[in-house]
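A.B. asks: task: produce atomic coordinates for the following.
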Amino acid sequence: MTAYLDPLAGGALIGAAAALLLLANGRIAGISGILGGLAGAEARDRAWRLAFLVGLLAGPVLYRLVSGDWPAVGSVASWPVLVPAGLLVGFGTRLGSGCTSGHGVCGLARLSPRSFAAVATFMACAIVTVFLVRHGLAR
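C.D. replies: From the prediction side, this is the model:
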């Protein structure tokens, strides 16, 4: 049963955190924007950004305290695949002016046309990439 409840609880918490940040601060919970804006932020703007990022990093620790085990994380990809993939994701977030959390969670909820276009684009690219990798066409 927890196989269904964990993702449901996680999604509900993500949605609640995004809504709370928007209502309390008027800010969008886009991780790349929060992290990217940290360097040039004023002191009062830096505090909420740091608190948000610390909360993200504290999530697995809280999960362990509640469940007694670390969240299961795994990847079948090797480091030579993961490093360029991560760099491409970072490049894509800068090119698309946001990431999946900013566009996918917050932008779609606000009915942003730009976010609909961004989500459609990165979902299409993800579908094509998975198809190519799984069917051995990208090797």
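A.B. asks: all contacts plus neighbour counts: C-alpha atoms, from now on.
C.D. replies: Fine.
A.B. asks: against residue 83, how distant is the residue nearest the centre of the chain?
C.D. replies: Centroid-nearest residue in the chain, with Cα atoms, centre = their mean: residue 101, separated by 4.4 Å. Computed as Cα to Cα, to the nearest Å, the residue 101 to residue 83 distance reads 21 Å.
A.B. asks: next one: residue 3
C.D. replies: The value you get for residue 3 to residue 83, if Cα to Cα is used, is 29 Å.
A.B. asks: looking at these two, which has the bigger crowd around it?
C.D. replies: Counted by other Cα atoms under 10 Å, residue 3 and residue 83 do not tie: residue 83 has more neighbours, with 12 against 7.
A.B. asks: which residue packs closest to residue 71, ignoring adjacent ones?
C.D. replies: residue 60 (6.5 Å; Cα to Cα, 6 or more residues apart in numbering).
A.B. asks: burial check on that neighbour, number of neighbours?
C.D. replies: 15.
A.B. asks: all helices of the protein, in order?
C.D. replies: For the chain, the helices defined by DSSP state H occupy 2-25, 31-36, 43-67, 79-95, 108-109, 113-134.
A.B. asks: okay, those in JSON lines with distance to residue 73 next?
C.D. replies: Shown next, in JSON lines, are the helices of the chain (distance: least, Cα to Cα, whole Å):
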{"stretch": "helix 2-25", "distance to residue 73": "13"}
{"stretch": "helix 31-36", "distance to residue 73": "20"}
{"stretch": "helix 43-67", "distance to residue 73": "11"}
{"stretch": "helix 79-95", "distance to residue 73": "14"}
{"stretch": "helix 108-109", "distance to residue 73": "27"}
{"stretch": "helix 113-134", "distance to residue 73": "19"}
